[in-house]
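# no sequence for this one, just the structure:
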């Protein structure tokens, strides 16, 4: 496993897929930010 793969797997957990482009999201505070399109979701 490459260093990037290890880092990405540590970021992923219960994160949903982006509701706009279906790409992976990462936690960004209390929200989730898409790594592909930059969409934020889950913010209140």
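Thanks, I have the structure now. All values derive from a computational prediction rather than experimental measurement. Numbering: from 1, shown residues only.
# how deep is residue 24 tucked in, by neighbour count?
By the measure other CB atoms under 10 Å, the count of residues near residue 24 is 16. For every residue, glycine as well, the C-beta is placed using N, CA and C.
# residue 33 is in contact with that one, correct?
No: with contact defined as CB atoms under 8 Å, residue 24 does not count as touching residue 33 (10.2 Å).
# element containing residue 27, please.
According to DSSP states H and E, residue 27 maps onto strand 25-28.
# show me what that strand is packed against.
Judged by 3 or more CB pairs under 8 Å, 6 or more residues apart in numbering; DSSP states H and E, the packing partners of strand 25-28 are strand 31-34.
# residues in contact with the strand it packs on?
Contacts with strand 31-34, where a contact means CB atoms under 8 Å, 6 or more residues apart in numbering, come from 15-16, 18, 20-21, 23-27, 39-43.
# most neighbours among those, which one is it?
residue 25 (24 neighbours).
# which residues touch it?
15-18, 32-35, 41.
# and it, bridged to which residues?
residue 34 (DSSP bridges).
# can you give me the helices for the protein?
Using DSSP state H, the helices assigned to the chain run over residues 3-11.
# nearest residue to the middle of the protein?
residue 25 (1.7 Å; CA atoms, centre = their mean).
# quick one, grab the pLDDT at it.
You'll see residue 25 listed with a pLDDT of 91.
# cool, and residue 10?
For residue 10, the predicted pLDDT is 61.
# do the same with residue 17
On the pLDDT scale, residue 17 gets 92.
# same thing with residue 35?
93.
# next, the contact list for the nearest residue to it once chain neighbours are set aside, please.
Closest residue in space to residue 35, ignoring its immediate chain neighbours: residue 24 at 5.4 Å, by CB to CB, 6 or more residues apart in numbering. Residues near residue 24 by CB under 8 Å, 6+ apart: 12, 15, 17-18, 34-36.
# gap between the closest residue to residue 31 other than its chain neighbours and residue 37?
Nearest residue to residue 31 in three dimensions, chain neighbours excluded: residue 43, at 4.1 Å (CB to CB, 6+ apart). The gap separating residue 43 from residue 37 is 16 Å, by CB to CB, to the nearest Å.
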